[in-house]
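Novice: need a structure here:
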Amino acid sequence: MTHARMVKEIVLKVVNEIGVLNQISKLIAEKGVNIIAVQGTVQDGSAVLHLITSDNLRVGDALRARNFAPHEMDCVLVEVPNKPGVLRNITEKLLPEGIDIHHIYATAGEASDTSLVALACSRNDHAIVVLNK
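Specialist: Prediction:
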């Protein structure tokens, strides 16, 4: 069973320095906020973090108070069974609809029955409808 819904992800571009991720994760933990999913990439000396949290408002306020510049983006969060072929199933549903995936990341524990897949695409609203069929 697939369940897709719209969420907001926090996007944060920072200088890629050792300890920055620790600083950000510590700040979030101190606010008592859970990080549901995270993706990080490095390009040209900058790191870009995508965070889905249990309380984006508190995280955004805390980051801005520390002179970070977070912004929110729409993101599709899909809960799926944790089994082989799930990513193929997601992409096979989106392909005939002409939905372009801009970025994607996923998380699951080995012993978990479900996985979370986060993706932002050309038509998030339509992707939700397609994925929930």
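Novice: check what pLDDT T2 gets.
Specialist: In this model, T2 is scored at 83, pLDDT.
Novice: contacting residues for it?
Specialist: Each residue near T2 by C-beta atoms under 8 Å, 6 or more residues apart in numbering is listed here: V78, E79, V80, N89, I90, L131, N132. In this view, the C-beta of every residue, glycine as well, is placed from N, C-alpha and C.
Novice: 6 Å instead?
Specialist: T2 is in contact with V80, L131, counting by C-beta atoms under 6 Å, 6 or more residues apart in numbering.
Novice: try R58
Specialist: Shown in contact with R58 (C-beta under 6 Å, 6+ apart): K31, V33.
Novice: that one should be in a helix, yeah?
Specialist: Yes. Counting by DSSP: H, G, I helix; E, B strand; the rest coil, R58 is found in a helix.
Novice: roughly how far does it sit from V48?
Specialist: 21 Å (C-beta to C-beta, to the nearest Å).
Novice: same deal with I99?
Specialist: 22 Å.
Novice: one more: V15?
Specialist: Relative to V48, V15 is positioned 11 Å away (C-beta to C-beta).
Novice: who has more neighbours out of those two?
Specialist: Legend: neighbour count by other C-beta atoms under 10 Å for V15 and V48, higher for V48 (15 against 8).
Novice: you'd agree that one is up against V42?
Specialist: No. Applying C-beta atoms under 6 Å as the test, V48 and V42 come out as separate, 7.9 Å apart.
Novice: which element is H102 on?
Specialist: H102 is part of strand 101-107, with elements assigned from DSSP states H and E.
Novice: starting at the chain centroid, how far to that strand?
Specialist: Centre-to-centre, strand 101-107 and its host chain are 7 Å apart (C-alpha atoms, centre = their mean, to the nearest Å).
Novice: kindly report the same for stretch 87-101.
Specialist: Distance of stretch 87-101 from its chain centroid, counting by C-alpha atoms, centre = their mean, is 18 Å.
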